[in-house]
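Visitor: return a 3D structure for these sequence lines:
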Amino acid sequence: MKPVRTIVFFAGVFLILLSVSFIFPEEGINIAGDIRLKFISPDRILGRDSSLYADISEIVAEYTPDMDPELPEEDADETSDSLTIIAPPEILAANSDSIKKKIYPLILPDKKPNLLFPFYLKLDKAARGEDCLRIIHYGDSQIENDRMTSLLRYNFQKVFGGYGCGLVSAVPLYSGNPAFSESWQGEWERFTVFGNRDSSVHHNYYGVMGAFAALPDQENGDWSNLEFAFPSGKRASRFDRVKMYLHSYADSSLISFCVNDSITDTLQINGGGFQVLSFSPSMKADKLNVGFSLPAGGRIYGLSFESRKGVIIDNVAMRGCSGLIFSRIDSTLLKEMYRDMKVSLLILQFGGNVVPYIDDPAFYKRAFKRELKYLRKICPDVPFIIIGPGDMSVREDGKYVTAPNVERVRNVLKEAALENGCAFWDMYEAMGGRNSMPSFVLADPPLAISDYVHFTSRGANLMSEMFYNALMSDYRKYLETTQRND
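Guide: Modelled structure (predicted):
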């Protein structure tokens, strides 16, 4: 066949297919039972994405999130440029009422409209320097490397006082914490209660981070070491004490603290079992080396870099976790650690890892309620805020659309939270609702990455800012109420 005839043949086939695609029902034709014949859409043939994406322009017009909340003033202009929204010609303004409000409010149980007032009372005391309080932010991979938490912490500490990055793993689960860099000496092992749990661990003593680091064998009497370096000029990198939570198998052992290459203290542990150590450096720490003369198998549940007053906020990221692991952790250990840490608020941000796989959202609701009951029994006076999943997209007929289970999982988490006396913040609706994730991906610079699931640092900060503003909106109600009572 001559080249011209070949080109004409294929052009004719393309035109026939295109013509059929225009007249073929978009939902397809049912042949028998669940069997349905579908035809490729015109948009897919022409390479167009005609999805109706959420209009997030009003949201980003209100917020201009930076990559790093603690950038020096002279560097701010470089990273805080206003965002440009790139979107297809057809735009759907999803949930326009909530977007106009700019603050998507917390949803509180009907019978507990003042649920967070005791927390706000402690917040006021912390602001006056009378005490310190602690918030633990649990979540899945959306909060890894301090994303969302770092800006939340910065805003709280800037307004209510305090500094330090809070609780961290002895051996990092994920690299890239902006508050410090870390290295270590020795063959440390790390174990988690979430993800692929190691079957060699025959106990459930994982602590509040759901993870611990096991001390290595000390060959030739060499000490094991952890070394931290803290960048200057960051509130999260400052601290005036280090607290360490550990379990020792020895009746007597030593832990040394070396600040800026100068040995400043060596603490002796007398007696085995669970221990809480506290060390206060006498100088500003740019570098901290912690040496261990402990037998192999000793467990380090975490180190906390903190201030004595103000607000401390911990980031506890659990990659792949759906929030159903707390009941696998020893309750006595959890209770001891929560009490020592003076935990005043727990934030649980889960659900995203369930969306692709769950067949029965009602099962997830029942399981999550059991976890909430377990935690609330351990710390009955601590309020909880549950953050639901954000939008997540799947590719369907060449278009990115909201995954089928996102709203169902969001709904059961909301029900579980409210039925258990917890507050709920709907991140899905706050970011624009249905089909808002593509708008985050297409923003310039991007607010989400191309997996259409995870936020970029800017996107995470945007969500963090919106959540903080929701909290402060409720805090203002507390202030108004207390002023009226006075």
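Visitor: mind checking how far stretch 345-356 is from the chain centre?
Guide: Distance, stretch centre to chain centre, for stretch 345-356: 8 Å (Cα atoms, centre = their mean, to the nearest Å).
Visitor: begin at 45, not 1, for the rest of this chat.
Guide: Noted, 45 is the first residue going forward, which turns the last one into stretch 389-400.
Visitor: any buried residues in it, and which?
Guide: Neighbour counts over stretch 389-400 (16 or more other Cβ atoms under 10 Å) mark 389-399 as buried. For every residue, glycine as well, the C-beta is placed using N, CA and C.
Visitor: wait, Tyr418 touches Phe370, no?
Guide: Yes. Look at Tyr418 against Phe370 with Cβ atoms under 8 Å: they come within range, at 5.7 Å.
Visitor: which one's more surrounded, these two?
Guide: Higher neighbour count among Tyr418 and Phe370: Phe370, with 23 against 15, using other Cβ atoms under 10 Å.
Visitor: doesn't Cys313 belong to a helix?
Guide: One thing to correct before we go on: residue 313 is Ile, not Cys. No. Judged by DSSP: H, G, I helix; E, B strand; the rest coil, Ile313 forms no part of a helix; its state is strand.
Visitor: contacts only, for the nearest residue to it once chain neighbours are set aside.
Guide: Take Ile313 and drop its neighbours on the chain: the residue closest to it by Cβ to Cβ, 6 or more residues apart in numbering is Ser297, 4.8 Å away. Shown in contact with Ser297 (Cβ atoms under 8 Å, 6 or more residues apart in numbering): 312-313, 336-339, 342.
Visitor: again, but for Ser225
Guide: Contacts of Ser225 (Cβ under 8 Å, 6+ apart): 272-273.
Visitor: let's see 6 Å
Guide: Counting by Cβ atoms under 6 Å, 6 or more residues apart in numbering, Ser225 makes contact with Ala273.
Visitor: any idea how far it lies from Gly364?
Guide: Ser225 is 25 Å from Gly364, where distance means Cβ to Cβ, to the nearest Å.
Visitor: quick one: average confidence on the helix or strand where Arg454 lies?
Guide: Here Arg454 sits within helix 450-463, counting by DSSP states H and E. In this model, helix 450-463 carries a mean pLDDT of 97.
Visitor: and stretch 412-431, by the same measure?
Guide: Mean per-residue pLDDT for stretch 412-431: 97.
Visitor: how long is it end to end?
Guide: Using Cα to Cα, to the nearest Å, the gap from the first to the last residue of stretch 412-431 comes to 13 Å.
Visitor: tell me the bridge partners for the closest residue to Gly183 other than its chain neighbours.
Guide: Spatially, and ignoring its direct neighbours in sequence, Gly183 is nearest to Gln393 (3.6 Å; Cβ to Cβ, 6+ apart). In this structure, Gln393 bridges to Gly183, Ile431 when assessed by DSSP bridges.
Visitor: mind checking how far Gln393 is from Gly56?
Guide: Counting by Cβ to Cβ - Gln393 and Gly56 are separated by 55 Å.
Visitor: before we move on, the earlier item: using a markdown table, lay out the buried residues of stretch 389-400 together with pLDDT.
Guide: Output for the buried residues of stretch 389-400, formatted as a markdown table (pLDDT from 0 to 100):
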| residue | pLDDT |
| --- | --- |
| Leu389 | 98 |
| Leu390 | 98 |
| Ile391 | 98 |
| Leu392 | 98 |
| Gln393 | 98 |
| Phe394 | 97 |
| Gly395 | 95 |
| Gly396 | 93 |
| Asn397 | 93 |
| Val398 | 93 |
| Val399 | 94 |
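Visitor: could I get the contacting residues of Gly315?
Guide: Counting by Cβ under 6 Å, 6+ apart, Gly315 has no contacts.
Visitor: what about it, distance to Leu270?
Guide: 23 Å.
Visitor: do a quick rundown of the helices in the stretch 395-530 of the chain.
Guide: 405-422, 450-463, 471-474, 481-486, 501-529 (DSSP state H, counting those that start in this stretch).
Visitor: least confident secondary structure element in the protein?
Guide: Here the helix or strand of the chain ranked lowest by mean pLDDT, DSSP states H and E is strand 135-136, holding a mean of 34.
Visitor: which of the buried residues of stretch 389-400 sits closest to Pro427?
Guide: Leu389 (5.9 Å; Cβ to Cβ).
Visitor: can I assume the closest one is in contact with Tyr164?
Guide: No. Leu389 is beyond contact range of Tyr164, at 9.9 Å (criterion: Cβ atoms under 6 Å).
Visitor: name the residues contacting each of these two.
Guide: What both Leu389 and Tyr164 touch, as defined by Cβ under 6 Å, 6+ apart, is an empty set.
Visitor: walk me through the domains of the protein.
Guide: Per automatic domain parsing, the structural domains of the chain span 47-89, 95-206+354-530, 208-352.
Visitor: looking at those domains, which is buried most?
Guide: Of all these, domain 95-206+354-530 has the most neighbours on average by mean count of other Cβ atoms under 10 Å, namely a mean of 19.
Visitor: what ranges in the stretch 45-194 of the chain fall below the confidence cut-off?
Guide: Applying pLDDT under 70 to the stretch 45-194 of the chain flags residues 45-50, 52-55, 57-59, 61-96, 98-112, 115-146.
Visitor: please redo it, this time with the cut-off set to 90
Guide: Residue ranges of the stretch 45-194 of the chain with pLDDT under 90: 45-148, 174-176.
Visitor: quick one: Val445 and Leu506, what's the gap?
Guide: Relative to Leu506, and taking Cβ to Cβ, Val445 is found at 22 Å.
Visitor: again, but for Tyr519
Guide: Using Cβ to Cβ, Tyr519 is found at 20 Å from Leu506.
Visitor: same check, this time on Val497
Guide: Here Val497 is placed at a distance of 16 Å from Leu506 (Cβ to Cβ).
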